[in-house]
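Asker: got a structure for you, letters missing:
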RNA sequence: GUCCCCAUCGUCUAGCCUGGUUCAGGACAUCGCCCUUUCACGGCGACGGCGCCAGUUCAAAUCUGGCUGGGGACGCCA
């Protein structure tokens, strides 16, 4: 019977690395038709928090995973003490200062890792180990050994940082007469700089990425690509598709550096793949607690604005700077538009504003037609007017298609914003008018 | 310091197990061109790699050893 587990400690939010370990476990279980157990390692009572536990559970679900059983180590303290007593009775452990120490009887320990092959340990850094702390709670290696054995894990898939714990646990298994599971140590995820993933170099927890507007499927997809590959030059793959072809033996041995650029690209791909309705629903959910769109905004207007940006977002939070001009008039002209604004086209823009204000059916076809005529009549190329017009309307050098934008903003706003730029040129008034 | 793991473009990877089909394929990023209404999107293209040294072999990215480099573990944290 295939049985694996993910064993997070609720002393922090679900980490990127933990999420991927969870993903590999889940994939393995679902691929083989085995069981996936979630084991909460909350033996450190002081550092474990309900808030973290809730978030971990929520993130696992959000990423698209489910589990078959859940256990809490904090509810099993008696069990660990019972087994510690067995070790004392067998002469393999002893009590000292209220703590219980396990005595390793070291012989070479060999593990046959599913990913790395044979790993041989010729020595151990210590001769004994605390297994029950003086407050009566178990230490990690001990509770881990007891639970993996009692819960009958067939395979332990965990991070590479646990390799050195493995011989210790195996020696405990042997002392207790337990059957030793198989192991698969997955490589660690490194920061973009190459070192350890830490808060100093950006987001490390799943919830932070969610807050930034990354989609669950995109994160799961990206994480899978770190140390595993679906083959066939495939980059985009859903969890559901991955579970059909996932094999733990195909996981790489090499640690992988996290790349925000690639995550952004994948996330953008997933946003593009959404249907307009799915996309709108997604953003409305995302924007719920963000206080970005003014209360009074018309539903239909909001929808049109959001659709304008759909295929050019890499993450939902991009909207905050890119689409702000659609909801607020108090924007300023970006620093990088200076080059465009240096050319004073006040008279030309005035002509444009007058022409546009005469349009009755203010849609993208009409505005474009009128716009091109104005440019031609002034002897300008369309692009000479496009740039300053975009700056006038949005304060930005880049954005969605100009005429689509005009149609969405509507005649009144377009004309008044054009006039605002004219005033900026003529009277030198602050752009923050 | 001791023990352990790892090593293909800047980054993620395919290939390595079963040596020749690979003067190493894809993706991200970067750069260029095209499209065009700027950016983006899209299309096309460029740049760029088997860490080093030995060995085995007719033949090595692929097998072996050493070196170098990177990472991890050495808590009454997990």
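Answerer: Okay, I see it. All values reported here derive from a predicted model rather than from experimental measurement.
Asker: same question for the helix or strand of chain A with the lowest mean pLDDT: list its buried residues.
Answerer: Sorting the helices and strands of chain A by mean pLDDT, DSSP states H and E puts helix A:338-341 at the bottom, at a mean of 88. Using 16 or more other CB atoms under 10 Å as the test for burial, helix A:338-341 gives A:340-341. For every residue, glycine as well, the C-beta is placed using N, CA and C.
Asker: list the helices and strands that helix packs on?
Answerer: Secondary-structure packing of helix A:338-341 (3 or more CB pairs under 8 Å, 6 or more residues apart in numbering; DSSP states H and E): helix A:382-394, helix A:411-427.
Asker: tell me which strands and helices the helix or strand following that helix is in contact with?
Answerer: Once helix A:338-341 ends, the next helix or strand along the chain (criterion: DSSP states H and E) is helix A:346-357. Helix A:346-357 sits against helix A:364-377, helix A:382-394, helix A:411-427, with contacts defined as 3+ CB pairs under 8 Å, 6+ apart.
Asker: how about helix A:346-357, does it reach RNA strand B?
Answerer: No: if you take CB under 7 Å from any atom of the strand as the test, helix A:346-357 misses RNA strand B, and the best it gets is 13.8 Å.
Asker: any idea of the mean pLDDT for that helix?
Answerer: For helix A:346-357, mean pLDDT rounds to 95.
Asker: same check, this time on stretch A:2-21
Answerer: 97.
Asker: same question for stretch A:188-199.
Answerer: 86.
Asker: please tabulate the helices and strands packed on helix A:346-357 in a markdown table and include mean neighbour count and distance to residue A:137 as additional columns.
Answerer: Output for the helices and strands packed on helix A:346-357, formatted as a markdown table (neighbours: other CB atoms under 10 Å; distance: least, CB to CB, whole Å):
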| stretch | mean neighbour count | distance to residue A:137 |
| --- | --- | --- |
| helix A:364-377 | 16 | 67 |
| helix A:382-394 | 20 | 59 |
| helix A:411-427 | 17 | 64 |
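Asker: for RNA strand B, find the nearest of those helices.
Answerer: Nearest of those to RNA strand B, taken as CB to the nearest atom of the strand: helix A:382-394 at 4.7 Å.
Asker: and that closest one, how far from the chain's centre?
Answerer: 36 Å (CA atoms, centre = their mean, to the nearest Å).
Asker: near RNA strand B at all, it?
Answerer: Yes: using CB under 7 Å from any atom of the strand, we find that helix A:382-394 touches RNA strand B at A:382-383, A:386-387, A:390.
Asker: return the member of those residues nearest to residue A:115.
Answerer: residue A:390 (52.0 Å; CB to CB).
Asker: run a quick check on that closest one versus residue A:401, I expect a contact.
Answerer: No: at 9.9 Å, residue A:390 does not count as touching residue A:401 under the criterion of CB atoms under 8 Å.
Asker: check contacts around the residue located most distally from the centre of chain A.
Answerer: For chain A, the residue at maximal distance from the C-alpha centroid (CA atoms, centre = their mean) is residue A:377, at 51.4 Å. Neighbouring residues of residue A:377 by CB atoms under 8 Å, 6 or more residues apart in numbering: residue A:351.
Asker: kindly report the same for residue A:215.
Answerer: A:267, A:270-271, A:282.
Asker: could you export these to TSV, including columns for neighbour count and pLDDT?
Answerer: Shown next, in TSV, are the contacts of residue A:215 (neighbours: other CB atoms under 10 Å; pLDDT from 0 to 100):
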residue	neighbour count	pLDDT
A:267	25	97
A:270	19	97
A:271	25	96
A:282	17	95
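Asker: which members of the residues you listed are the farthest-apart pair?
Answerer: A:267 and A:282 (11.7 Å).
Asker: next SSE after the strand or helix carrying residue A:283?
Answerer: Here residue A:283 sits within helix A:276-287, counting by DSSP H and E. With elements assigned by DSSP H and E, the helix or strand that comes after helix A:276-287 is helix A:299-309.
Asker: list the helices and strands that next one packs on?
Answerer: Looks like helix A:299-309 contacts helix A:276-287, helix A:319-322, helix A:402-409 (3+ CB pairs under 8 Å, 6+ apart).
Asker: so, in contact with RNA strand B or not, the second one?
Answerer: Yep, that's helix A:319-322 we're talking about. No: using CB under 7 Å from any atom of the strand, helix A:319-322 never reaches RNA strand B; the gap is at least 9.1 Å.
Asker: that helix - what's its average pLDDT?
Answerer: On average, the pLDDT along helix A:319-322 is 94.
Asker: would you mark the buried spots in it?
Answerer: Quick answer for helix A:319-322 (16+ other CB under 10 Å): A:319, A:322.
Asker: which parts of the stretch 1-150 of chain A sit against RNA strand B?
Answerer: A:7, A:9, A:11, A:41, A:43-44, A:47, A:96-99, A:116-117, A:119-123, A:125-126, A:130, A:133-135, A:137, A:139-141.
Asker: can you report phi and psi for the residue nearest the centre of chain A?
Answerer: Computing the C-alpha centroid of chain A and ranking residues by CA atoms, centre = their mean puts residue A:209 first, at 3.9 Å. Backbone torsions of residue A:209, given as degrees, to the nearest 10, read phi -70, psi -40.
Asker: that one contacts residue A:219, doesn't it?
Answerer: Yes: using CB under 8 Å, residue A:209 is in contact with residue A:219, at 5.7 Å.
Asker: on that earlier part again, and the least confident helix or strand of chain A, how far out from the chain's middle?
Answerer: 37 Å.
Asker: same question for stretch A:197-211.
Answerer: Worked out by CA atoms, centre = their mean, stretch A:197-211 lies 8 Å from the chain centre.
Asker: residue boundaries of the strands in chain A?
Answerer: Remark: strands assigned in chain A by DSSP state E are A:3-6, A:35-40, A:69-72, A:93-96, A:99-103, A:109-113, A:117-121, A:128-132, A:155-159, A:182-186, A:189-190, A:256-257.
Asker: which of these is buried the deepest?
Answerer: Ranked by mean neighbour count, the strands of chain A are led by strand A:3-6 with a mean of 24 (mean count of other CB atoms under 10 Å).
Asker: one step back: got TSV for the helices and strands packed on helix A:346-357, with mean pLDDT and distance to residue A:175 too?
Answerer: Converted to TSV, those look like this (pLDDT from 0 to 100; distance: least, CB to CB, whole Å):
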stretch	mean pLDDT	distance to residue A:175
helix A:364-377	92	76
helix A:382-394	93	70
helix A:411-427	94	76
